[in-house]
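Chemist: Got a sequence here, can you build the structure:
(chains A, B, C and D)
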2 protein chains.
Amino acid sequence: MNAKEVAELSGLSVRALHHYDEIGLLSPKRNAENGYREYSEEDLDKLQQILFFRQCGFSLERIKKLLSNPRFDRAGAFELQKKHLMLEKERIETMLGTLERTLKTIKGEDSMSQRERFKGFDFSYNPYEEEARQLWGDETVEKSNDFIASKSDREKKDMEKVLDKLFRELAEIRDEDPDSDLAQEAIDKMYKVFNESFGHYYSLESFAALGNMYVMDDRFKENIDKYGEGLAEFLSKAMQDYADRQSEG
Amino acid sequence: MNAKEVAELSGLSVRALHHYDEIGLLSPKRNAENGYREYSEEDLDKLQQILFFRQCGFSLERIKKLLSNPRFDRAGAFELQKKHLMLEKERIETMLGTLERTLKTIKGEDSMSQRERFKGFDFSYNPYEEEARQLWGDETVEKSNDFIASKSDREKKDMEKVLDKLFRELAEIRDEDPDSDLAQEAIDKMYKVFNESFGHYYSLESFAALGNMYVMDDRFKENIDKYGEGLAEFLSKAMQDYADRQSEG
DNA sequence: ATATACTATGACGTTGCGTAATAGTCAAAT
DNA sequence: ATTTGACTATTACGCAACGTCATAGTATAT
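Modeler: Below you'll find the model as predicted:
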């Protein structure tokens, strides 16, 4: 499917589709001969998800992260989106009420408090943002960024050395099943190194979230995948499994 | 009422209120001593209107023009806004349906065409824009601006001379009733001068819209009111009446 | 009198595209 | 065979509606 067709189908403009490609939100395959974009079934699927989330008021950057998060699940997304739409419907009904009452107030048949006159308009706060965080988490990203930023150059170099060695070892087993004993032992070591190296303790939850960060945040993903294609994905899954195992047992 | 209070009431940010003041959309009086903004009852009234129109997808610039248009009436606005909200509600219901069906399709309990999968998302086109134009009109503004821009300096000077004479005459009767015979005769002359002077024919509708432009567009209003305070208002009404009369008879 | 909460203006940044400008591609009609 | 029309690409600048500082003045409570 070409750009025009997708545009007509979705109600977006072709420029918007280009934009989504530019920012890496939806990058369809290209025709090798002419470089034209070719949207597959999967792309359309993803686009629908994007539109739903956009309707929920998420930024494109945020949607990108959500969809690329390996912990993301469609069922949860559907629940979230449904909840949003129902609230949205309620808000509109509230506004319709406000509208009717305002009309009557003008005619002198009714009277309203100032607060009542603006009922239904407040849509600055996004409650789904919080819910999405809890569902698929990523608050540790900023936390960790802050931590790194707080270190001296000397400390950073030490950290890099330790991490370099660690990631090389991990890269060698990146084709194993993330849930295998071999992988889990390596992750156990990783968990300990992390807690020793970085003056602060990682809870299992934070550790899992950190794994998420490896695939969600491009800056991390790129650096990690330098040790081997797919390492970031492997680590993300293995770390999640590790956290699940430890907290259960 | 100060900025913070209005912000909390309306759900807007203080910065947004500043912005509305900057662009001349909502400029409350200032406290003479400290320069603080002080929002009156009328300002809150206007703000509510602004929020309703914004909800309908109008740009702030557009809202500004609508509200400053003398033909603007609240009853019409309410109808428009109500219509919008009901459509919006319908769209949400459509999207909820799309959402449910998509979920079922994933489970394999249903199947959808591509077109169905995107039902409810298309909100690029704004049907109210057209309706608003018909209610209160202003498309001739740009048309006329383009026309003026296309003329040579020589032609512009000629135009100015003719208009200068015309407006001086009109300014003398600006206190008459716009619907009076005296006023209407003058407007008839004006209509003929316009059609002769500017190489293109003004339909009655366009002529009336042009009158509107005189009060809506600040650049025109200022120039016209130089001939006499209130001339723009007078012309706007008289031209509208003229158009109504001619098209009836 | 100083902390806290508000206010002002100015200026630059951001999101999500729109709008050309320029150039290449493809299919159909001449 | 080429011209036309509809499509595609990339590059680049533009814009609305604010957000986000920075800086500075004001009000008021402790």
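
Chemist: Now do the contacts for residue A:242.
Modeler: Shown in contact with residue A:242 (CB atoms under 8 Å, 6 or more residues apart in numbering or on different chains): A:184, A:187, A:188, A:191, A:204, A:207, A:208. Every C-beta, even on glycine, is put in place using the N, C-alpha and C of the backbone.

Chemist: filter those residues to the buried ones?
Modeler: Buried members of the contacts of residue A:242, counted by 16 or more other CB atoms under 10 Å in any protein chain shown: A:184, A:187, A:191, A:204, A:207, A:208.

Chemist: Check the residues you listed for the minimum pLDDT and say which it is.
Modeler: Looking at the buried ones among the contacts of residue A:242 by pLDDT, the weakest one is residue A:204, with 68.

Chemist: for the record, mean pLDDT for stretch A:225-233?
Modeler: For stretch A:225-233, mean pLDDT is 79.

Chemist: separation between the one residue sitting closest to the centre of chain A and residue A:47?
Modeler: For chain A, the residue lying nearest the average C-alpha position, counting by CA atoms, centre = their mean, turns out to be residue A:66 (2.3 Å). Plainly put, residue A:66 is 14 Å away from residue A:47 if you go by CB to CB, to the nearest Å.

Chemist: and what of residue A:212?
Modeler: Taken as CB to CB, the span from residue A:212 to residue A:47 is 24 Å.

Chemist: Ok, residue A:7 next?
Modeler: 10 Å.

Chemist: ok, these two, which is more surrounded?
Modeler: residue A:47 (23 against 16; other CB atoms under 10 Å in any protein chain shown).

Chemist: My guess is that one contacts residue A:3. True?
Modeler: No: with contacts counted by CB atoms under 8 Å, residue A:47 stays clear of residue A:3, the gap being 11.7 Å.

Chemist: what residues do those two have in common as contacts?
Modeler: Taking CB under 8 Å, 6+ apart as the criterion, residue A:47 and residue A:3 both touch residue A:39.

Chemist: hang on, isn't residue A:114 packed against residue B:10?
Modeler: No: contact criterion CB under 8 Å: residue A:114 and residue B:10 do not qualify, at 9.6 Å.

Chemist: do you know how far the nearest residue to residue A:188 once chain neighbours are set aside is from DNA strand C?
Modeler: Distances taken as CB to CB, 6 or more residues apart in numbering or on different chains place residue A:242 nearest to residue A:188, at 6.9 Å, with adjacent residues excluded. Shown here: residue A:242 relative to DNA strand C, a distance of 33 Å by CB to the nearest atom of the strand, to the nearest Å.

Chemist: Help me confirm that residue A:242 is found in a helix?
Modeler: Yes: assessed with DSSP: H, G, I helix; E, B strand; the rest coil, residue A:242 lies in a helix.

Chemist: what's the pLDDT at it?
Modeler: So residue A:242 comes in at 86 (pLDDT).

Chemist: Next to chain B in this structure, residues from chain A, please.
Modeler: Contact residues, chain A versus chain B (CB under 8 Å from any CB of the partner chain): A:9-13, A:44, A:48, A:51-52, A:55, A:74-75, A:78, A:81-82, A:85-86, A:88-89, A:92-93, A:95-96, A:99, A:102-103, A:106, A:114-115, A:117-118, A:121-124.
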